[in-house]
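[1] Just a sequence and a predicted model for now, questions to come.
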Amino acid sequence: MHIQSNINLKPYNTLALPALAEQFVSVHSTEQLCQALVVAKQQGWLVTILGGGSNLVLAADISGLVIQIAIPGVETVGETESSVQVKVGAGEDWHQFVQLSLQNGWYGLENLSLIPGMVGAAPVQNIGAYGVELAEHLVSVDIVDLQSGEQKSLNRQQCQFGYRDSIFKNALKNRAAIVSVTLELLKTSNLKLSYPALQQAVEDIPEDQLTPQKVSELVCQIRRSKLPDPASEPNAGSFFKNPVVSTEKAQQLQQQYPELVAYPLPDGNSKLAAGWLIEKAGWKGRRIGDIAIHHRQALVMVNCGTATGEELLAVAGQVVESVKETFGVELEMEPRVLPEALRHREYL
Ligand code: FAD
Ligand code: EPU
């Protein structure tokens with residue numbers, strides 16, 4: 001374990017925002033993580049946990065110790081006739097694990113192909129795409145308490161999953177490091193194809209060729225056609241959550257805008273497509289300084305060069321204001337802002 005000082009985090013976040021970590025360490029085991037926490041306590045350093053940096057806005061330098069979780073490992077820990085339980089280290093790359101699961105005949109994660117980041121961050125916002133959420137396959141999460149160093153396991157219910165939400169964004173925010181995630185995967189396929197773009201993509205595929213691997217390939221194709229690659233256009237995926245409004249509000253908007261994209265939810269509310277709202281408010285393809293609202297997907301904000309996190313948050317604030325003025329709908333950011341204090345001061 002090698003703690004380094006003044007490390008530039010630009011290569012560690014997919015928005016390529018500049019920020020210095022006062023101290024930085026990469027940990028490859030739970031033991032190393034606990035050692036790092038002991039040092040942080042001795043030195044009085046704040047601790048910030050980092051995965052692949054694909055859902056972060058670095059708005060300023062980070063004081064204290066940034067711990068990058070690089071804990072490896074894939075292990076089968078249980079098996080029934082129809083399913084396997086697999087424990088995966090938090091530092092495994094999510095997409096590579098999805099590919100490995102499909103190669104091993106463990107099904108269920110195909111719709112979640114090509115989501116950037118590490119396995120350990122997946123429960124934090126309950127990653128979801130193309131009609132599937134992580135929570136559907138999650139059995140438990142092993143964590144280390146950042147204050148006490150105590151190790152615990154949380155089951156699915158205890159994780160309090162919601163749409164892009166979990167206990168790790170609420171009661172356990174900044175309080176736990178996830179070291180492994182145990183998932184239940186199926187031995188036979190049970191394809192989920194109802195998401196409109198996926199449904200369209202499978203239309204011409206003969207049924208006997210519709211395997212989980214094929215669905216994974218199609219999801220990758222759709223994603224590549226819609227979302228910019230952070231390697232060439234630095235971004236953090238969707239910058240805002242799709243807002244949930246009352247059905248009354250959705251109907252009122254639909255009267256004014258018949259083409260509004262709204263999905264009814266089981267609880268009677270409606271989820272609106274934030275990308276549609278931002279596009280309709282006139283932001284799609286616009287550029288302010290080095291920040292662009294992507295020309296194919298208005299929900300994605302891109303760092304076109306040397307933008308800072310503060311500049312990005314300022315433009316995001318303008319988008320939020322404008323959508324609120326136009327539709328009376330409040331957008332909420334999806335990525336986490338670091339350091340945490342800045343979110344309250346600079347944004348919304
Ligand atoms: P980071 O960005 O490093 O961290 C995110 C948050 O989780 C931070 O608060 C961090 O402190 C915390 N964290 C990270 N690791 C741990 C850990 N081990 N223990 C405790 N806390 C931790 N998301 C979706 O849900 N669906 C999508 O379809 C999707 N598409 C995307 C497309 C693109 C092009 C990009 C850039 C992002 C996309 N995202 C999507 C967002 C992102 O991929 C996910 O949120 C991912 O899980 C973040 O993983 P990460 O390792 O990069 O986390
Ligand atoms: N739309 C527009 N204009 C745009 C973008 C989208 O009108 O500029 C419309 C589309 O035409 C479509 C609807 O909005 O009718 C939904 O678009 P899309 O299918 O691309 O999905 P999304 O709602 O924009 C969400 C997730 C993505 C996830 C996809 C697929 C959120 C915040 N985003 O995007 O997740 O990959 O669905 O399931 O829920 C992420 O979280 O980072 C992310 C990329």
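    Right, received. Where do you want to start? Ligands and ions are numbered 1, 2, ... in the order given.
[2] from here on, contacts and neighbour counts on C-alpha atoms
    Noted.
[3] Contacts for the helix ranked longest in the chain, please.
    In the chain, ranked by residue count with DSSP state H as the criterion, the top helix is helix 309-327. Helix 309-327 is touched from outside by 17-18, 57-60, 253, 277-278, 281, 283, 288, 291, 303, 329-331, 346-348, with contacts defined as C-alpha atoms under 8 Å, 6 or more residues apart in numbering.
[4] just stretch 160-167 next, same as before
    By C-alpha under 8 Å, 6+ apart, stretch 160-167 touches 123-128, 135, 158-159, 173, 241, 334.
[5] Return the set of buried residues in stretch 265-284.
    Judged by neighbour count using 16 or more other C-alpha atoms under 10 Å, the buried positions of stretch 265-284 are 269-281, 283-284.
[6] Could you list the residues of the protein in contact with ligand 2?
    Contact residues, the chain versus ligand 2 (C-alpha under 6 Å from any ligand atom): 129-130, 237-238, 240-242, 261, 273, 275-276, 279, 296-299.
[7] now the residues you listed: which count as buried?
    Buried among those by 16+ other C-alpha under 10 Å: 129-130, 237-238, 240-242, 261, 273, 275-276, 279, 297-299.
[8] just the buried members of the contacts of stretch 160-167?
    123-128, 135, 159, 241, 334.
[9] Export those residues as JSON lines, with columns for secondary structure and pLDDT.
    Formatted as JSON lines, the buried ones among the contacts of stretch 160-167 follow (DSSP: H, G, I helix; E, B strand; the rest coil; pLDDT from 0 to 100):
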{"residue": "123", "secondary structure": "coil", "pLDDT": "98"}
{"residue": "124", "secondary structure": "coil", "pLDDT": "98"}
{"residue": "125", "secondary structure": "coil", "pLDDT": "97"}
{"residue": "126", "secondary structure": "coil", "pLDDT": "98"}
{"residue": "127", "secondary structure": "coil", "pLDDT": "98"}
{"residue": "128", "secondary structure": "strand", "pLDDT": "98"}
{"residue": "135", "secondary structure": "helix", "pLDDT": "98"}
{"residue": "159", "secondary structure": "helix", "pLDDT": "98"}
{"residue": "241", "secondary structure": "coil", "pLDDT": "98"}
{"residue": "334", "secondary structure": "coil", "pLDDT": "96"}
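[10] Which stretches in this protein count as helices?
    30-43, 94-103, 196-202, 212-226, 247-256, 274-280, 309-327, 340-346.
[11] To residue 71, which of those lies closest?
    Nearest to residue 71 among the helices of the chain is helix 30-43; the distance by C-alpha to C-alpha comes to 7.3 Å.
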